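In: Following is a predicted model, sequence given first.
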Amino acid sequence: MMFDSVSVFNFSGIYDEESFYQDDKGSSFYDADGRMHGYKAPDFKVYDLKDMSGTNCMCDDEAVGRIRRLLSDEKVIAGEIHFIDSGNYHYMSALLTELVKEPFELVVLDHHPDMQAPMFGDILSCGGWILKVLKENQFVRGVHVIGADKGLISQLDPEDVGKVHFYPEFADVNVSDESGHDRDTEVISVREFVRERLSGRYPVYLSIDKDVLSRDELITNWDQGQMAAEQLFLLVKELAGKDSIPGENESVPGGKLRLLGVDVCGECAPDQEDCDVAKAIAGNNEFNRKLLELLLNKCDH
C-alpha cells in the first residue's frame, strides 16, 4: 500500500515555518521530473486554520462542526498521512478516526495518556480525545498507548485505564531472546508489540505525538518522554510492512498487517520561550521529512 495524499492542518501557523511538505523549496523528496525517489509524489493539501477560534487544546462544538464540514467538503479520508500541528490539537485524531468505516485498532505514541475526563460538558480536548474514541467510535476494536508516563496513568479512573492497553516504553532494538521480550522488566520490544500484542485481525490507525520522544531528539511544546527516534521509526517499519504470523493474521488481505492511516502531532510552538525556536522548528521539520519519506517508501512494499 502507498499513501496517495498528505493533509497538513495548520492551526498555529507553525507549518508556515516548515518545508517538509512543500515541493518548491528544494525538498529532497523530488527529482527533476517531480517524482519522489522513483515513486509518484503524493497529493499534498494544506488547510489554513489559523483564524478558526475555539481550537486551542479544547475544541468547542462550533469548531468541531466546522472541522467535520471541512473534512467532508475536502473529501479527507482516514487512509492518508495527516500532520495536525502541536499536541494542543491531538484531538484531531478523534475526528479523523471518525472517517474510518471498518473495524480497526488504534495505536497511539504519546507521553500523555490523553484520557482525562472533560472538565465540563462533553467537550473534545487534546487531553481526553482517547476517551471520546472509546465512547463514540463504533469501529474501534482495541486501543494501545505506548510511552505514556506512569504517574499520569495512575491519576486516571481505573475503569477507564482498564479499557486501554498501556506500554510504558520499548526495549532496546537488540534483545537477548527470539521473542524480543526482556524477561526482567515491564518493557517490550517493538517486534513483540507488533507481532504479539496486536490482534492482526484488523487494520491499524497510528497516531504519533512526538512528545513521546526524548528532548534530545527534538523539541515539542509539552513535557516529553524518553523514546529514541530509531525506536519510533522501527515501529513504523514494522506496522507498514510486517508479514503476518501464520494462524493469527489469516484474515488480513495479502498476508500483511495493514496500516490504515497515520496522523502526526507534536510541533513546537511558533512563539515558544523555553528553547531556540528556529532550531526546534528545524529539528521537527527534519523529523517530519524522515517520517514522511519512510511512510511513503515503506508502504509501497
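Out: Done, it's in. Residues are numbered from 1 along each chain as shown.
In: how many other residues sit next to residue 63?
Out: 18 (other Cβ atoms under 10 Å). The way it works is simple: take the backbone N, C-alpha and C, and place the C-beta from them, glycine included.
In: do the same with residue 293
Out: 17.
In: and it, helix, strand or coil?
Out: Secondary structure state of residue 293, per DSSP: H, G, I helix; E, B strand; the rest coil, is helix.
In: how close does it sit to residue 236?
Out: 11 Å (Cβ to Cβ, to the nearest Å).
In: can you give me the helices for the stretch 1-150 of the chain?
Out: 61-73, 92-97, 129-136, 150-154 (DSSP state H, counting those that start in this stretch).
In: low-scoring pLDDT stretches of the protein, where are they?
Out: Applying pLDDT under 70 to the chain flags residues 1-2, 23-41, 171-186, 242-256, 298-301.
In: hey, where'd the strands end up in it?
Out: 5-10, 43-48, 58-59, 81-83, 104-109, 124-125, 140-146, 165-167, 204-209, 259-265 (DSSP state E).
In: want to try TSV for those strands, with mean neighbour count and distance to residue 196 as columns?
Out: Listed next are the strands of the chain as TSV, based on neighbours: other Cβ atoms under 10 Å; distance: least, Cβ to Cβ, whole Å:
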stretch	mean neighbour count	distance to residue 196
strand 5-10	21	31
strand 43-48	14	36
strand 58-59	22	35
strand 81-83	25	26
strand 104-109	25	13
strand 124-125	22	32
strand 140-146	20	12
strand 165-167	17	12
strand 204-209	25	14
strand 259-265	24	18
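In: possible to save the ones you listed as CSV with distance to residue 189?
Out: Listed next are the strands of the chain as CSV, based on distance: least, Cβ to Cβ, whole Å:
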stretch, distance to residue 189
strand 5-10, 29
strand 43-48, 34
strand 58-59, 36
strand 81-83, 25
strand 104-109, 15
strand 124-125, 32
strand 140-146, 12
strand 165-167, 10
strand 204-209, 17
strand 259-265, 19
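In: Mind checking the ones you listed for the one nearest to residue 154?
Out: strand 165-167 (10.7 Å; Cβ to Cβ).
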